[in-house]
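Student: the sequence and its predicted three-dimensional model are supplied below.
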Amino acid sequence: MNVSMNGKLIAEIHFSSGVGGYSGNPERIRSDGVQQLYLSATYHGDHDEFWIVRAIDGVEQARYASRHVDHIEWQF
């Protein structure tokens, strides 16, 4: 990933094993008719930061650290 991907829409994310979920199954979050996922990629002078943002009606509801995400399915 790079900062030029800022705002890129995401269809689904899968968290790494051991993060969320039940019975050892990783949690998954999908964009749908209510919530939208997108990448927040910003440069902070000496480092880049990457977050997955969950928004409803354009209002940020949550942020997920990209280091905990095992798989991203981009939306086309």
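Tutor: All right, it came through fine.

Student: report the contact partners of the nearest residue to Val3 once chain neighbours are set aside.
Tutor: Of all residues not flanking Val3 in the chain, Ala41 sits nearest, at 4.5 Å (CB to CB, 6 or more residues apart in numbering). Where you see a C-beta, it was placed from the backbone N, CA and C, and this is true even at glycine. Neighbour list for Ala41: 1-6, 8, 48-50 [criterion: CB atoms under 8 Å, 6 or more residues apart in numbering].

Student: distance check, Ala41 against Ser66.
Tutor: Distance, Ala41 to Ser66, by CB to CB, to the nearest Å: 9 Å.

Student: hang on, the earlier thing: can I assume the residue nearest to Val3 sits in a helix?
Tutor: No: the assignment for Ala41, made by DSSP: H, G, I helix; E, B strand; the rest coil, is strand rather than a helix.

Student: shared neighbours of Ala41 and Ser66, which are they?
Tutor: Counting by CB under 8 Å, 6+ apart, the shared contacts of Ala41 and Ser66 are 1, 50.

Student: adding distance to Leu37 and neighbour count, write the contacts of Ala41 out as TSV.
Tutor: Shown next, in TSV, are these (distance: CB to CB, whole Å; neighbours: other CB atoms under 10 Å):
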residue	distance to Leu37	neighbour count
Met1	14	12
Asn2	18	9
Val3	18	14
Ser4	18	8
Met5	13	13
Asn6	14	15
Lys8	10	15
Asp48	19	12
Glu49	17	12
Phe50	13	17
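
Student: burial measure for Tyr38, as a count.
Tutor: 19 (other CB atoms under 10 Å).

Student: pairing partners for it in the sheet, please.
Tutor: Leu9, Val53 (DSSP bridges).
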